[in-house]
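# Predicted model and sequence follow; I will ask about them next.
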Amino acid sequence: MSRNAKIAAGGVAAGIILLFLLPWWVALLIVLGVPAAAYLMLDPAQRRRLRRVTRKELGR
C-alpha cells in the first residue's frame, strides 16, 4: 500500500468513527476543517508549490 493510500484509508476510518461518536455536522466540520486549516497554515511559497505539483499530476 502506498503512503497516500494509507493516509486515505486512515481518513475514511476516522470519518466513520466520528460519524458514530459525534453528530453528523460536527464530524463534517472536523473532516473538512482539518485539511483546510492545514492548507491555510502553509506559507505562500509552499501553497504555490503544492498547486503546481497538483496540476502536473492531473495532466498525466
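Looks like it arrived, so ask away. Numbering: from 1, shown residues only.

# residues in contact with residue 28?
By CB atoms under 8 Å, 6 or more residues apart in numbering, no residues touch residue 28. (C-beta placed from N, C-alpha, C; glycine too.)

# SS state for it?
Counting by DSSP: H, G, I helix; E, B strand; the rest coil, the backbone at residue 28 sits in helix.

# Can you give me the distance of it to residue 15?
9 Å (CB to CB, to the nearest Å).

# so which helix or strand takes in the residue positioned nearest the centre of the chain?
Central residue of the chain (CA atoms, centre = their mean): residue 35, 4.3 Å from the mean position. Residue 35 is located in helix 24-41, with elements delineated by DSSP states H and E.

# how far does that helix sit from the chain's center?
8 Å (CA atoms, centre = their mean, to the nearest Å).

# Please export the C-alpha coordinates of it as PDB.
In PDB, the C-alpha atoms belonging to helix 24-41 read as follows (Å, rounded to 0.1, in the frame of the first residue of the first chain):
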ATOM      1  CA  TRP A  24     -23.100  14.300  11.700                       C
ATOM      2  CA  TRP A  25     -22.500  18.100  11.400                       C
ATOM      3  CA  VAL A  26     -19.600  18.100  13.900                       C
ATOM      4  CA  ALA A  27     -18.000  15.200  12.100                       C
ATOM      5  CA  LEU A  28     -18.400  17.000   8.800                       C
ATOM      6  CA  LEU A  29     -16.800  20.200  10.300                       C
ATOM      7  CA  ILE A  30     -13.800  18.200  11.500                       C
ATOM      8  CA  VAL A  31     -13.300  16.300   8.300                       C
ATOM      9  CA  LEU A  32     -13.400  19.400   6.200                       C
ATOM     10  CA  GLY A  33     -11.800  21.800   8.700                       C
ATOM     11  CA  VAL A  34      -8.600  20.000   9.400                       C
ATOM     12  CA  PRO A  35      -7.300  19.900   5.800                       C
ATOM     13  CA  ALA A  36      -8.500  23.500   5.200                       C
ATOM     14  CA  ALA A  37      -6.600  24.600   8.400                       C
ATOM     15  CA  ALA A  38      -3.500  22.700   7.300                       C
ATOM     16  CA  TYR A  39      -3.600  24.400   3.900                       C
ATOM     17  CA  LEU A  40      -4.000  27.800   5.400                       C
ATOM     18  CA  MET A  41      -1.000  27.200   7.700                       C
END
